[in-house]
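Enquirer: got a predicted structure here, sequence first:
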Amino acid sequence: MKNSNPISKGFSTFKRERVDNYKGSLVSTSMETYKEEEDHEAVNLGRSLIVPSVQELAKLPLTKIPLRYVRQYHHHPLSDDTTPSVPIIDLRNLLAAASGSSTYSSELNKLHTASKQWGFFQVINHGVSESLLEDFKREVLNFFKLPMEEKQKLWQEEDNHEGFGQLFVVSEEQKLDWSDMFYVTTLPHDLHRSQLFQKLPLILREKLEAYSKEMKKLAMGILGQMAKALEMDGDEMRELFHDGVQSIRMNYYPTCPEPELALGFSPHSDADALTILYQLNQTEGLRIRKDGKWVAIKPLPNALVVNIGDIMEIVSNGVYKSIEHQATVNSNNERFSVATFYSSNMGTELGPARSLVAKHKVANFRRVPLEKYFKGFFAQKLNGKSYLDFMKLQENVT
Ligand SMILES: O=C(O)CCC(=O)C(=O)O
Ligand SMILES: [Fe+2]
């Protein structure tokens, strides 16, 4: 059913009709979540309440932001200059150097340390062509510039969260992010919502397909190296991920009249295995939590940011860590980013790699079907790394 979309309504009230069939019980973060929604269609992993467009809101001559965007506890002090900056991995040294060479082993060691201690790193010489990156960037910027009448056709619907909007909005009281996003499942192809894909501008669709393919290749390359670094069975890694679920989230952070009161993206860890983030312009905004301090990730020309998601923390049996991150906004410059989330194959069970459990002689996380894991994740408000906590087998984790 098409939602009666409030985007075109006055922004003065920030009200929307209540979605009557929305199940409040889905907000649960307990294992009960897994018992919900058994009857839901297989490819529908979640939904989110429909909220107004921040891009449209930011066009108004506002000096104050509406209350729904005002955070109370967002003043996270930035780290001082003594904190080292996020590691940079040269992928050419990993993917092209002979695996016995010292160049290879020192880069592999860097990757392993970065994944354990930071959960975040930047990759250079990643092999994704500059022309594809430029073309895709142009089309994403054009996409956000489309007139609202066009974007409304691509807005989220009440029963599914793909499209323009915000994710993880589960109540009318919840604080909202100062951003608009477009979310789409790109792989495997049979998970496409074809009604959404068909409505995308053709040129964007072409570039999106090409970009999605390249991101899969890159993710598989990095996962293969991680298997080596973890001393995990390489075949097991391939079997888990060869037909992985990929989704792409395009983020637009408009300028904000009161940036110190708002957040572009609430603190969270990603639910996937590996996220590849493309910062489309030079505006800074990404912050990651390292040893209790927030560290800014500066956009680096020609680099992509990679981070460990919760699935990788689980598969690595806790050796690699997903890290909390957030996005800030500012009053002078808008910001664009594209996050590509890569997860294991649909239809598989999520849990620690068996080859690592045998090596570590302990399993630190429970096993659940991947689909249930995703449904639980998308049914709750983002709250740091809390979702991972109930995947942990507490008796095993220190
Ligand atoms: O825009 C950013 O820098 C962060 C985006 C992000 O964390 C996400 O899409 O999950
Ligand atoms: Fe994220």
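Expert: Happy to help now that I have it. Ligands and ions are numbered 1, 2, ... in the order given.
Enquirer: do a quick rundown of the strands in the protein.
Expert: Counting by DSSP state E, the chain has these strands, from start to end: 88-90, 120-124, 163-165, 180-187, 244-253, 265-268, 274-279, 286-290, 293-296, 304-308, 325-327, 335-345, 349-350, 368-369.
Enquirer: could you list every residue that touches Leu277?
Expert: Residues near Leu277 by Cβ atoms under 8 Å, 6 or more residues apart in numbering: 286, 304-307, 337-340. To be clear about C-beta, it is placed using only N, CA and C from the backbone, and glycine gets the same treatment.
Enquirer: same check, this time on Gly119
Expert: 288, 307-308, 320-323.
Enquirer: quick one, what contacts the spatially most central residue of the chain?
Expert: Here the mean C-alpha position of the chain is nearest to the C-alpha of Asp270 (Cα atoms, centre = their mean), at a distance of 5.0 Å. Contacts for Asp270 (Cβ under 8 Å, 6+ apart) come out as 307, 309-310, 322, 339, 341.
Enquirer: before we move on, what about Tyr342?
Expert: 215-216, 219, 223, 241, 244-246, 272-276.
Enquirer: beta partners for it?
Expert: Gln246, Leu274 (DSSP bridges).
Enquirer: related to what we said a few turns ago, out of the contacts of Tyr342, which is most surrounded?
Expert: Ala273 (30 neighbours; other Cβ atoms under 10 Å).
Enquirer: pretty sure it sits against Ser344.
Expert: Yes. With contact defined as Cβ atoms under 8 Å, Ala273 reaches Ser344; the gap is 6.3 Å.
Enquirer: spit out the residues that contact the two alike.
Expert: 241, 244, 311, 315.
Enquirer: mind checking pLDDT for the second one?
Expert: If you check Gly244, the pLDDT there is 97.
Enquirer: columns distance to ligand 1 on top of the strands of the chain, output as CSV?
Expert: Shown next, in CSV, are the strands of the chain (distance: least, Cβ to the nearest ligand atom, whole Å):
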stretch, distance to ligand 1
strand 88-90, 17
strand 120-124, 10
strand 163-165, 14
strand 180-187, 7
strand 244-253, 5
strand 265-268, 5
strand 274-279, 6
strand 286-290, 3
strand 293-296, 10
strand 304-308, 8
strand 325-327, 4
strand 335-345, 3
strand 349-350, 19
strand 368-369, 22
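Enquirer: out of those, which gets nearest to Glu157?
Expert: strand 163-165 (7.1 Å; Cβ to Cβ).
Enquirer: tell me the contacts of Pro201?
Expert: Per Cβ under 8 Å, 6+ apart, neighbours of Pro201: 139, 142-143, 146.
Enquirer: from the residues you listed, which single one is nearest ligand 1?
Expert: Within the contacts of Pro201, proximity to ligand 1 (Cβ to the nearest ligand atom) peaks at Phe143, which comes in at 15.7 Å.
Enquirer: ok, that closest one - contacts?
Expert: 182, 201, 204, 250.
Enquirer: now with 7 Å?
Expert: Phe143 sits next to 182, 201, 204 when contact means Cβ atoms under 7 Å, 6 or more residues apart in numbering.
Enquirer: what ranges do the helices span in the stretch 101-250 of the chain?
Expert: 102-117, 130-145, 148-152, 194-197, 202-230, 234-241 (DSSP state H, counting those that start in this stretch).
Enquirer: so how far is the last one from its chain's centroid?
Expert: Read that as helix 234-241. 22 Å (Cα atoms, centre = their mean, to the nearest Å).
Enquirer: up against ligand 1, what does the chain have?
Expert: Applying Cβ under 6 Å from any ligand atom, we find that the chain lies next to ligand 1 at 249, 251, 265, 270, 277, 285-286, 325, 327, 337, 339.
Enquirer: quick check: the farthest pair among the residues you listed?
Expert: So, these by Cβ to Cβ: farthest apart are Asp270 and Gly285, at 16.2 Å.
Enquirer: lowest-confidence helix or strand of this protein?
Expert: Within the chain, no helix or strand scores below helix 386-389, which has a mean of 79 by mean pLDDT, DSSP states H and E.
Enquirer: which residues touch it?
Expert: By Cβ under 7 Å, 6+ apart, helix 386-389 touches 29, 269, 271, 310, 313, 322, 377, 380.
Enquirer: want to throw those into TSV with neighbour count, distance to Leu60 and pLDDT?
Expert: Output for those, formatted as TSV (neighbours: other Cβ atoms under 10 Å; distance: Cβ to Cβ, whole Å; pLDDT from 0 to 100):
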residue	neighbour count	distance to Leu60	pLDDT
Thr29	16	35	29
Ser269	26	33	92
Ala271	20	34	91
Asp310	24	37	95
Glu313	26	41	97
Ser322	25	37	95
Phe377	21	33	78
Gln380	17	31	71
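Enquirer: save those residues as CSV, and put in distance to Leu388 too.
Expert: Converted to CSV, the contacts of helix 386-389 look like this (distance: Cβ to Cβ, whole Å):
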residue, distance to Leu388
Thr29, 11
Ser269, 7
Ala271, 9
Asp310, 5
Glu313, 6
Ser322, 7
Phe377, 10
Gln380, 12
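Enquirer: inside helices: which ones of those residues?
Expert: In helices, judged by DSSP state H, the following of the contacts of helix 386-389 are found: 310, 313, 377.
Enquirer: sorry, back to before: name the residues of the least confident helix or strand of the chain that are buried.
Expert: For helix 386-389, burial by neighbour count (16 or more other Cβ atoms under 10 Å) applies to 387-388.
Enquirer: that concludes my questions; thank you for your assistance.
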